[in-house]
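# pasting the sequence and the predicted coordinates here, then a few questions.
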Amino acid sequence: MIFTTLEHILIHLSFSIVSIVISIHLMILSVHEIIVLRHSSEKGMVATFFSLTGLLVIRWISSRHFPLSNLYESLIFLSWSFSIIHMVSKLWNHKNDLSTITAPSAIFTQSFATSGLSSKMHQSAILVPALQSQWLMMHVSMMLLSYAALLCGSLLSVAFLVITFRKNIDIFFRRKNLLILIKSFFFGKIEYLNEKRSVVKSTSFLSFPNYYKYQLIQRLDYWSYRVISLGFTFLTIGILSGAVWANEAWGSYWNWDPKETWAFITWTIFAIYLHTRTNQSLHGMNSALVASIGFLIIWICYFGINLLGIGLHSYGSFT
């Protein structure tokens with residue numbers, strides 16, 4: 001009873017804190033830069049991390065097994081993974097470009113876990129025999145950490161595509177305005193040129209907004225590559241540890257189970273992404289498109305088996 005009460009307190013506390021963090025980020029975006037608010041949001045994510053950590057530890061103690069036995073616990077662990085990625089990225093990057101990705105991702109997974117699942121799935125259950133192994137912590141934790149990192153990196157790539165697309169449209173229209181001004185000059189319409197002098201200023205390709213967008217695009221591309229590389233490492237470790245566990249449990253390293261198949265597809269997609277990063281001509285848009293496809297593949301891999309409830313990995317399904 002005490003453990004259940006503490007779980008309810010911690011899950012609602014973490015959800016409330018991360019909601020406040022998102023509100024602070026929206027305020028920062030509206031007024032560009034407020035140092036006090038930014039520090040408050042960072043402290044909020046730290047508080048969210050410790051709240052979710054306490055929740056997982058309490059479930060671990062009460063259930064006497066690592067809390068990754070059903071979909072609810074995996075979603076809470078995924079939300080915890082987003083918070084820890086936020087904290088690690090803060091150590092690497094003072095500006096913390098991942099903050100606008102990790103906080104909404106954390107609240108999305110928590111919202112679905114608490115509101116989208118039945119109350120029966122919130123309760124801890126005895127592990128089925130196949131899950132009673134020391135490989136549970138290694139395999140499942142690595143897979144969920146890889147999902148969190150790959151989702152964050154893919155979302156950064158999506159943001160890269162959106163901003164680049166808008167930037168290209170802006171450049172197109174500015175060049176068009178510049179051509180109109182040049183034509184008006186050669187046709188002797190000096191008065192038109194004077195009236196549209198402000199347009200000339202807006203066509204400067206070295207203006208501050210363009211330079212700021214260029215810096216933002218470069219940072220998004222850089223951090224997308226870094227985070228996806230980390231997630232790909234976790235995914236590789238998770239797949240290898242899962243293969244060893246499968247050999248112990250079922251006598252075969254690979255069975256082409258639906259979950260295994262989609263995990264292999266996910267690994268292949270992000271391997272292609274990392275390969276495109278080795279070719280200078282494929283940087284930018286091409287690699288970002290591959291990562292965007294990977295974003296959809298991850299959700300199919302994570303929720304596909306849970307929705308269908310088939311295969312050897314259906315322990316955490318909705319049914």
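Perfect, thanks for sending it.
# pLDDT below threshold where in the stretch 51-200 of the chain?
Screening the stretch 51-200 of the chain residue by residue with the criterion pLDDT under 70, one finds the ranges 92-97, 99, 116, 118, 166-200.
# show me where the stretch 201-319 of the chain has helices.
208-250, 258-278, 285-308 (DSSP state H, counting those that start in this stretch).
# now these as a markdown table including mean pLDDT?
Converted to a markdown table, these look like this (pLDDT from 0 to 100):
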| stretch | mean pLDDT |
| --- | --- |
| helix 208-250 | 84 |
| helix 258-278 | 92 |
| helix 285-308 | 86 |
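# save those as CSV, and put in distance to residue 138 too.
Placement of C-beta: from N, CA and C, glycine included. What follows is the helices of the stretch 201-319 of the chain, written out as CSV (distance: least, Cβ to Cβ, whole Å):
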stretch, distance to residue 138
helix 208-250, 5
helix 258-278, 15
helix 285-308, 18
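# tell me which of the ones you listed sits nearest to residue 45.
Residue 45 sits nearest to helix 208-250 of all the helices of the stretch 201-319 of the chain, at 16.0 Å, using Cβ to Cβ.
# and that closest one, what does it pack onto?
Using 3 or more Cβ pairs under 8 Å, 6 or more residues apart in numbering; DSSP states H and E as the contact test, the elements touching helix 208-250 are helix 71-92, helix 135-186, helix 258-278, helix 285-308.
# just send the helices of the stretch 201-319 of the chain back as TSV, with distance to residue 106 and mean neighbour count too.
Compiled in TSV, these are given as follows (distance: least, Cβ to Cβ, whole Å; neighbours: other Cβ atoms under 10 Å):
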stretch	distance to residue 106	mean neighbour count
helix 208-250	15	17
helix 258-278	21	18
helix 285-308	16	18
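# nearest to residue 2, out of those helices?
Taking Cβ to Cβ as the criterion, residue 2 comes closest to helix 285-308 out of the helices of the stretch 201-319 of the chain, the separation being 30.3 Å.
# so what touches the closest one?
Contacts of helix 285-308 with the rest of the structure, by Cβ atoms under 8 Å, 6 or more residues apart in numbering, involve 71, 147, 150-151, 153-155, 157-158, 160-161, 164, 221, 224-225, 228, 258-259, 262-263, 265-266, 269-270, 272-273, 276-277, 311, 313-314, 316-318.
# also stretch 265-276?
Stretch 265-276 is contacted from outside by 150, 228-229, 231-232, 235-236, 239, 282-283, 286-287, 290-291, 293-294, 297-298, 301, using Cβ under 8 Å, 6+ apart.
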